[in-house]
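A.B. asks: give me a model of this one.
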Amino acid sequence: MCDTFVALGSLTLTGNTILAKNSDREPEEAQALVHIPRTKHSAAFVQCTFIDIPQVSETYEVILSKPFQMWGAEMGANEFGLTIGNEAVFTTVKMSRTNQGLTGMDMIRLCLERCTKATEALTLIQELLQTYGQDACGGYKNNSFFYHNSFIISDPEESFVFETAGKSWAYRRITDHHSISNGLGIHTDYDAFHLEIEPKAFPYFWRKAANPFSFKDYFSDILYTQVGRAKQRQSCSIGLLKNHIHPGVSVESAMDILKTHHMPDSDFTPKKATTACLCMHATGLTNPSTTTGSMVTELRKNGTHTLWMTGTSMPCLSVYIPFFFGTPTLENFRVPTAKPDDSFWWQAEKLHQWICQDYSVRKVDWQKETDRLQKSLIKQEQALFSGQTSMERLSEFSGKALTEVEELYQKFLSLI
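C.D. replies: Sure, this is the predicted structure:
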């Protein structure tokens with residue numbers, strides 16, 4: 001389960017597009033922050049998660065948040081401000097489950113490495129779907145977790161929601177704000193759609209296309225969509241976005257939305273978490289996912305873009321760290337492995353799990369410190385962009401921010 005939302009500049013405090021996502025994965029699937037510079041390639045093919053496809057001569061600079069073991073990414077951006085987040089969606093199209101296609105995460109990374117704007121990404125995903133399809137497992141230890149994908153694709157100028165079912169797709173331009181969860185949402189209000197004739201899964205063999213054609217009604221799998229409470233989470237994020245329209249959606253308010261549970265914080269404990277949470281905590285069979293990474297991006301039409309990324313699970317306990325293109329902050333950042341190690345993700349996970357054992361008590365001192373640090377980082381970033389800045393200053397600020405967050409974790413870990 002995941003949640004992605006976007007607010008265009010007409011609704012934000014700064015006039016810049018803000019896109020945000022929580023990545024919900026299996027609880028022990030560490031998520032890596034990866035910075036890949038613009039690269040020239042001589043190899044004929046690139047190995048994606050399961051299949052290889054032709055490589056291009058040059059790929060663009062990207063910053064990604066990705067499951068440590070996968071080639072593709074859950075979310076990220078490139079040097080042009082193209083930013084993408086995806087969601088698992090469950091449809092009526094039958095999947096062969098042979099791992100002979102691309103994952104949604106593969107398509108995100110391919111678009112970010114090869115496209116400069118949102119319209120190019122729309123075209124590329126259509127081509128990838130038609131050529132390779134998406135018969136690919138999206139799970140970690142759960143090797144039976146197959147799904148299709150929806151995306152929010154944004155650049156500093158425009159944004160789109162793009163939904164798929166097998167090789168079929170529909171998209172719509174976003175005019176002010178939008179949110180997606182784990183369910184199809186485009187009815188007949190698409191800008192364009194493509195209908196591919198593919199086998200249907202049981203019990204949807206006899207579902208007929210209405211006139212006018214509704215992408216959601218024709219392709220939605222009712223059971224999985226309802227169990228995942230996609231509609232409830234989407235309504236929650238949309239409602240919270242609307243609450244912030246006056247005076248304007250900000251980076252800080254986007255972070256607050258991603259930290260939201262399905263009940264007041266004063267009543268919440270991780271044991272009460274359900275699939276209705278935006279900030280998700282795994283509780284068992286009916287709620288198997290945890291938010292393992294979170295991102296808020298601010299896309300500037302004439303300037304440097306800011307990527308605020310946690311690099312940790314559970315945004316309700318995390319600090320968003322600012323990253324910028326053209327800076328070396330993530331150059332030596334350790335990618336986590338399958339088991340606890342000294343990477344930032346696993347060190348934070350150790351503290352988060354300890355807090356969750358007595359959440360209402362142990363979170364108090366921690367959140368006082370993280371709130372103080374987060375507000376300070378946001379204020380410093382705003383000051384940097386209030387006048388003339390330089391890559392040197394941005395690089396220094398980003399590196400210092402990462403160090404301060406890491407030191408805060410080590411301070412609390414030493415106490416437990």
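A.B. asks: so which residues of the stretch 301-416 of the chain form strands?
C.D. replies: Taking DSSP state E, counting those that start in this stretch as the test, the strands found in the stretch 301-416 of the chain are 306-309, 321-323.
A.B. asks: so what does the first one touch, helix or strand wise?
C.D. replies: Secondary structure elements in contact with strand 306-309, counted by 3 or more CB pairs under 8 Å, 6 or more residues apart in numbering; DSSP states H and E, are strand 62-67, helix 251-258, strand 290-299, strand 321-323. All C-beta atoms are positioned from the backbone trio N, CA, C, and that covers glycine.
A.B. asks: quick one: the helices in the stretch 201-350 of the chain?
C.D. replies: 215-219, 222-227, 230-243, 251-258, 344-356 (DSSP state H, counting those that start in this stretch).
A.B. asks: pretty sure Y218 is touching Y204, no?
C.D. replies: No - using CB atoms under 8 Å, Y218 is not in contact with Y204, being 9.3 Å away.
A.B. asks: between the two, what contacts are shared?
C.D. replies: T92 (CB atoms under 8 Å, 6 or more residues apart in numbering).
A.B. asks: those two: which has the busier surroundings?
C.D. replies: The neighbour comparison of Y218 against Y204 (other CB atoms under 10 Å) goes to Y218, with 21 against 16.
A.B. asks: can you pull the contacts of the more buried one?
C.D. replies: 92, 207, 209-210.
A.B. asks: separation between it and R172?
C.D. replies: 16 Å (CB to CB, to the nearest Å).
A.B. asks: just T286 next, same as before
C.D. replies: Taken as CB to CB, the span from T286 to R172 is 32 Å.
A.B. asks: cool, E404 as well?
C.D. replies: Counting by CB to CB - E404 and R172 are separated by 41 Å.
A.B. asks: hang on, the earlier thing: among the helices of the stretch 201-350 of the chain, which is nearest G72?
C.D. replies: helix 344-356 (17.5 Å; CB to CB).
A.B. asks: what's that closest one packed up against?
C.D. replies: Right, helix 344-356 is packed against helix 359-385, helix 391-415 by 3+ CB pairs under 8 Å, 6+ apart.
A.B. asks: identify the residues contacting that helix?
C.D. replies: Contacts for helix 344-356 (CB under 8 Å, 6+ apart): 30-32, 68, 270, 281, 311-314, 317-318, 333-334, 336, 340, 362-363, 366, 406, 409-410, 412-413, 416.
A.B. asks: hmm, 7 Å instead?
C.D. replies: With contact meaning CB atoms under 7 Å, 6 or more residues apart in numbering, helix 344-356 is reached by 30-31, 270, 311-314, 317, 334, 336, 340, 362-363, 366, 406, 409, 412-413, 416.
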